[in-house]
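Undergrad: kindly return the folded structure for what I paste below:
(one chain, ligands or ions: 1)
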Amino acid sequence: MCGIVAYVGHREACPIVIKGLKRLEYRGYDSAGVALMNGSLDVYKKKGKVSELEAFIADKDTHATIGMGHTRWATHGEPNDANAHPHYSTSRNIAIIHNGIIENYATLKKHLISKGHTFQSETDSEVFINLIEDIRLDSKCTLVEAVRLALHEVVGAYAIVVLAKDAPNQLIAARKGSPLVLGIGQGEYFLASDATPIIEYTSDVVYLKDHEIAMIHDGELEIRSREDVKQTPYVQRLEMALEQIEKGGYEHFMLKEIYEQPRSILDSMRGRMVVESNQLIMSGLREFENKFVNADRIIIVACGTSWHAGLVAEYLIEDLARVPVEVEYASEFRYRNPIISERDIVIAISQSGETADTLAAIELAKSKGATIFGICNVVGSSIARATDAGAYTHAGPEIGVASTKAFTAQVTVLTLIAMIVGSKRGTLETTKLRQLMVELENIPAKVEQILKLDEEIEKISAQYKDATNFIYLGRGYNYPVALEGALKLKEISYIHAEGYPAAEMKHGPIALIDEHMPVVVIATKDSSYEKVVSNLQEVRARKGKVIAIVTEGDTTIPSMADHVIEVPETSEHLAPLLSVIPLQLLSYHIAVMRGCNVDQPRNLAKSVTVE
Ligand code: M6R
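TA: Numbers count the residues shown, from 1 in each chain. Prediction:
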């Protein structure tokens, strides 16, 4: 986590850095700080959000054309002013911003203390900058050389930017494991954890690779490997537009992103499905189609909401393509010595493409010879680059910490994969395939229709905003949706919520149900509908308050539920794409009514780059 941004050029650095930090604040918001170089190397930092830092520096002389900033998600040391970045070295001659974790920091720190270095914070990052200083002093080498040598000694993940008082026209950056994008403007350079702080100024970017060091010196860029070999930068054009990363009149990013779903679902299938000619095209899959067709097993690794999308895919792929699927929490998979063979395909799902646990699971599966297919939203992200092939979700930037449009985009792409593999394997007959394609094509319009229920859902939310617990029930394709609904509620409203397969309730959770317990039952018309109705009655009999998500025109459930939210009819394979929308809105409104920070919930960050 943590967001870093830096600038060197002909403009005032501070406003660019502060604005960039605001764009990156979704990555962490425990503290923020800037370092500006104008003769002196000045560091200003504060516990809390970027706006607090902004107020703090309002009366300071921040004039500088080179600077860097950091917004922190605390790993080592509590969120306070001292632990905020940037960190000075002992001499205060050099300063660092760092995103990542240095695993051997304790050993390094001990060694550096024995050599007279002093520390003001509990962070691993301050150890990093003192290590660079120590090497520079001992070897009497240049700053960039000291950085390069230090990279050989640190174990862990990092994206860093380093400034030195005695190298006034120089900015050095390096990465391993944590993302770093370099923007190239006219006589100016930008560095950031993702492209959002850069897009306003330039569309030409270089995604730094692991173990690369970028040095910008007197307006010239040079990239070298950790082994000191000169690299040729690969300059890419950003496809992102500025309005995609702004709120566009919505009160919160989360609400904007919920409303973007008709578009993001469409974008995720655009060019991949031609209904008229019954064609499915996924270029990332083409080369590996045979592997998918002949795979012994598909293992899906992911975390959080992406894991829920993976669960939906398990139902889809097993049903349509008849390939056995296992869905694994990436964090568990990597530590349990899993059995993986070369005939397995591992699908890694990640919105950010930076989730450390998912990346580690990929590396493990790769080492065992499996083919790795990535489904990521962020173009050029670490996971996208670590995989053998993949498909982007095209949901556009997702800024709200609670994942919404990324989920539906992932499910869309996974549906396409299941259909492609199913039709190639001959397990999905043409008529059925065609029906599904037509249904899928209609999903964006149906999502649009559900969004019109927003006010109604807001009214329901008002009645439950003070609840302390919630249960979500679903079966079949709607079981992962129940899990996702519960996750959405707990992460942004801090209400305890559990998602369960509806039939599991009688094996324990039913004991929780009384007249104070809201139970969200997802009971759309599918093959388990009758069973879910029975489960709903069991809740009713115990006086639970039922909020039911039903298919339009359902005449059975309204008499049994306290509230009914209707979604349009669709194939059960596609039900999650619709039934999740009311749950996103329900959690959004409850969180707003409880006064919670919807886009930046406590203790969370958008990309989880620590284990
Ligand atoms: O970027 P990823 O999809 O890999 O992130 C995985 C989870 O951290 C993420 O889905 C998290 O659970 C969200 N906050 C859920 O809304």
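Undergrad: now the closest residue to the ligand within the stretch 151-300 of the chain, nearest residue through space, not along the chain?
TA: With C-beta to the nearest ligand atom as the measure, Met254 is the residue of the stretch 151-300 of the chain nearest to the ligand, at 9.4 Å. For the C-beta atoms, the positions are set from N, CA and C on the backbone; glycine is no exception. Closest residue in space to Met254, ignoring its immediate chain neighbours: Gly400 at 3.5 Å, by C-beta to C-beta, 6 or more residues apart in numbering.
Undergrad: in three-state terms, label the residue of the stretch 151-300 of the chain closest to the ligand for me.
TA: Taking DSSP: H, G, I helix; E, B strand; the rest coil as the rule, one finds Met254 in the helix state.
Undergrad: just confirm it contacts Gln600, I think it does.
TA: No: applying C-beta atoms under 8 Å, one finds Met254 not in contact with Gln600, separated by 10.0 Å.
Undergrad: which one of those two is surrounded by more residues?
TA: Neighbours per residue, other C-beta atoms under 10 Å: of Met254 and Gln600, the larger number sits with Met254, 28 against 22.
Undergrad: report the contact partners of the more buried one.
TA: Gly400, Ala402, Thr404, Ile492, Gln584, Tyr588, Val598, Asp599 (C-beta atoms under 8 Å, 6 or more residues apart in numbering).
Undergrad: and Asn325, bridged to which residues?
TA: I think there's a mix-up here, since residue 325 is Val and not Asn. The partner list for Val325 in beta bridges (DSSP bridges) reads Ile298.
Undergrad: now do it against the ligand, distance only.
TA: For Val325, the distance to the ligand (C-beta to the nearest ligand atom, to the nearest Å) stands at 18 Å.
Undergrad: residues near that residue, how many?
TA: Val325 is flanked by 22 other residues according to other C-beta under 10 Å.
Undergrad: what's the answer for Gln236, then?
TA: The tally of other residues near Gln236 (other C-beta under 10 Å) stands at 15.
Undergrad: please name the bridge partners of it.
TA: In beta-bridge terms (that is, DSSP bridges), Gln236 pairs with Val205.
Undergrad: quick check, pLDDT for it.
TA: We have a pLDDT of 91 for Gln236.
Undergrad: ok, it - contacts?
TA: Gln236 sits next to Asp204, Val205, Val206, Tyr207, Gly380 when contact means C-beta under 8 Å, 6+ apart.
Undergrad: mind listing the helices for the stretch 51-200 of the chain?
TA: In the stretch 51-200 of the chain, the segments counted as helices under DSSP state H, counting those that start in this stretch are 105-114, 124-139, 143-153.
Undergrad: next, the angle from the second one to helix 143-153.
TA: Put simply, helix 124-139 runs at 120 degrees to helix 143-153, going by axes from the mean of the first three to the mean of the last three C-alpha atoms, to 10 degrees.
Undergrad: also the shortest one?
TA: What separates the directions of helix 105-114 and helix 143-153 is an angle of 130 degrees, with the same axes, to 10 degrees.
Undergrad: list the buried residues in helix 105-114.
TA: Tyr105, Leu108, Lys109, Leu112 (16 or more other C-beta atoms under 10 Å).
Undergrad: neighbouring contacts of that helix?
TA: Contacts to helix 105-114, defined as C-beta under 8 Å, 6+ apart, come from residues His76, Ile102, Phe119, Asp124, Val127, Phe128, Asn130, Leu131, Asp134, Glu153, Val154, Gly156.
Undergrad: and the furthest pair within the contacts of Gln236?
TA: Asp204 and Gly380 (13.1 Å; C-beta to C-beta).
Undergrad: looking at those two, which is more packed in?
TA: Counted by other C-beta under 10 Å, Asp204 and Gly380 do not tie: Gly380 has more neighbours, with 19 against 15.
Undergrad: out of the contacts of helix 105-114, the closest to the ligand would be?
TA: Within those, proximity to the ligand (C-beta to the nearest ligand atom) peaks at Gly156, which comes in at 19.3 Å.
Undergrad: which residues does the closest one contact?
TA: Gly156 makes contacts with Gly100, Ile101, Ile102, Glu103, Asn104, Tyr105, Asp124, Gly177, as judged by C-beta under 8 Å, 6+ apart.
Undergrad: and the third one, what are its bridge partners?
TA: Just to be clear, that refers to Ile102. Note on Ile102: beta-bridge partners by DSSP bridges are Gly156.
Undergrad: dump the residue contacts of it.
TA: Leu108, Asp124, Ser125, Val127, Phe128, Val154, Val155, Gly156, Tyr158.
Undergrad: let me know the pLDDT of it.
TA: As predicted, Ile102 sits at a pLDDT of 92.
Undergrad: which residue does the stretch 251-400 of the chain bring closest to the ligand?
TA: Closest point on the stretch 251-400 of the chain to the ligand, by C-beta to the nearest ligand atom, is Gly304, at 1.9 Å.
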